[in-house]
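Novice: Structure for the following, please:
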Amino acid sequence: VLSFIIFICYIASLAASFMTAPLLEFLLALFLFFAYASKLNEKFKGVHWPLTDFLRCVTAAIIYFSISIAAVSKYSDGASKAAGVFGFAATIVFAIDFYITFNDLVTFLKQGSSDPPEGHKTEDEDSESDSD
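Specialist: Sure thing, here's the model as predicted:
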């Protein structure tokens, strides 16, 4: 929602050239929301979903911070200033989400490294001998 508000503010401002970043972030967030809601993360095990969300949070925080500084310092209209302030708020929100997602990613990676691969059988399951 915050990305969509920032997108609208950039459309109405003189800094319309910055509108691409919030639009892409909004669409990525919407995609990941629907992917988790429709359980695509359980269907497509090859995609590392926590890593995808982690990278989205990191890049969004960096991009929002940089374009917010540019919008506030370079443009003087009210919509640019509002977009910059909302961008700083989005930077904080994505930094918090980055921290939470990082903890989930660490748990996911620890869980993945301790489980044996699904395609491999252990020696006990592979052995069909009748040694009684």
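Novice: in the strand or helix carrying residue 107, what counts as buried?
Specialist: Assignment of secondary structure by DSSP states H and E places residue 107 within helix 78-114. Buried residues in helix 78-114, counting neighbours by 16 or more other CB atoms under 10 Å, are found at 79-84, 86-88, 90-91, 93-95, 97-98, 101, 105, 108. All C-beta spots, glycine's among them, are computed from the backbone N, C-alpha and C.
Novice: for this structure, what are the low-confidence residue spans?
Specialist: Applying pLDDT under 70 to the chain flags the ranges 112-132.
Novice: repeat that for 80
Specialist: By pLDDT under 80, the low-scoring segments of the chain are 16, 40-42, 44-50, 104-105, 108-109, 111-132.
Novice: Mind jotting down where the helices sit in the protein?
Specialist: 2-12, 20-37, 40-43, 49-74, 78-114, 123-126 (DSSP state H).
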